[in-house]
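# sequence and computational prediction follow.
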Amino acid sequence: MSILVADPGALTTVQDLGRSGWAHLGVPRAGALDAPAAALANRIVGNPQDAALLETTLTGLTFEAERGHWFAVTGARCSVTVGGTPAAHGEAVFAEPGSVVRIGPAEAGLRSYVAIAGGIAVEPVLGSRSTDTLAWVGPPRLDQGSRLPVGRPSGHPQPHDTPRPPPRGPLRVLRGPRADWFSGDVVAALCATAYTVGEASNRIGLRLEGEALERSRQGELASEGMVLGAVQVPPDGKPVVFLADHPVTGGYPVVAVVRPEDLAQCAQLRPGDQVRFTRDRG
């Protein structure tokens, strides 16, 4: 069984839970940026939580169901049609053999998730089917004409399982290991500033525009390990929040780390959206 991609949109990739455990070899984790939305899509069609699915970016996706498939779309709100007929977002939908499925542009948020019963069955690389856009480990980004194998369904659709939008609010942060490279209480300064998502943001990092954080210590920092959610500050003083495809090492100081539960918000932020931080009180 397979699907045939007619239009991959701006960027559509295969993602699962990611390939944790390979950072010591320089391999990023990758994986779905909005993990709760991806998990929900898989639950709706009866897939296990580690099944591979499709992550779209802003402009959607069009594919042909070469065999009949149950599928579900979650994450960023968008239109869904099957053979030109409107279908539900956040519910199990059946695509008849040969029908064309169109996932429209994101109406709010940035990334939508398309789970197909049985999961996307591309060959795993280092234990994961995720596409890493930093080192391009895993399957390539989808192109027009890409044909993706689909596995055998192992569960049943769950139409009662409805999406619950994640809360939107300030990103909770803990003090980072290099906060002492900056003037005063840099976490307080970070939390007091309203930032704007920059155009250069991607799956590697959320690049923020706004008031620069001022260093009190100059010089170079030896490269050290980076973690998901690290708030790194390059020489221009404007923070970058590392996301799933982040490099495993970095040479700029990390002043804070975003709480893992809040990273799904980062997946749905568009260029121009406002971002605020708050100190994590536990």
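Everything's here; your move.
# which residue ranges of the stretch 1-150 of the chain form strands?
Remark: strands assigned in the stretch 1-150 of the chain by DSSP state E, counting those that start in this stretch are 2-7, 13-15, 53-57, 61-65, 69-77, 80-82, 85-87, 93-95, 100-103, 108-116, 147-149.
# partner strands of the fourth one, with direction?
Pairing partners of strand 61-65, with direction, according to DSSP bridges: strand 2-7 (antiparallel), strand 100-103 (antiparallel).
# dump the last one to CSV, keeping only the CA atoms.
Output for strand 100-103, consisting of C-alpha atoms alone and laid out as CSV, is shown next (Å, rounded to 0.1, in the frame of the first residue of the first chain):
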residue,chain,number,x,y,z
VAL,A,100,-7.1,12.8,-4.0
VAL,A,101,-6.6,14.2,-0.5
ARG,A,102,-5.9,17.9,-0.1
ILE,A,103,-4.6,19.4,3.2
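# mean neighbour count for the strands paired with strand 61-65 - can I get that in CSV?
Every C-beta, even on glycine, is put in place using the N, C-alpha and C of the backbone. Output for the strands paired with strand 61-65, formatted as CSV (neighbours: other C-beta atoms under 10 Å):
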stretch, mean neighbour count
strand 2-7, 18
strand 100-103, 21
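# now those as JSON lines including mean pLDDT and distance to V125?
Formatted as JSON lines, the strands paired with strand 61-65 follow (pLDDT from 0 to 100; distance: least, C-beta to C-beta, whole Å):
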{"stretch": "strand 2-7", "mean pLDDT": "96", "distance to V125": "19"}
{"stretch": "strand 100-103", "mean pLDDT": "98", "distance to V125": "25"}
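# how many neighbours does A188 have?
11 (other C-beta atoms under 10 Å).
# leaving out the residues flanking it, which one is nearest to it?
Closest residue to A188 apart from its sequence neighbours, by C-beta to C-beta, 6 or more residues apart in numbering: R279 at 7.5 Å.
# quick one: that neighbour from G169, how far?
13 Å (C-beta to C-beta, to the nearest Å).
# next: S216.
Distance, S216 to G169, using C-beta to C-beta: 30 Å.
# per-domain residue ranges of this structure.
Domain assignment for the chain by automatic domain parsing gives 2-149, 171-279.
# and the end-to-end length of the shortest one?
Domain 171-279 stretches 8 Å from its first residue to its last (C-alpha to C-alpha, to the nearest Å).
# roughly how far is it from the heart of the chain?
17 Å (C-alpha atoms, centre = their mean, to the nearest Å).
# can you start the count at 463 instead of 1 from here on
Yes, from this point I'll number from 463; that puts the last item at domain 633-741.
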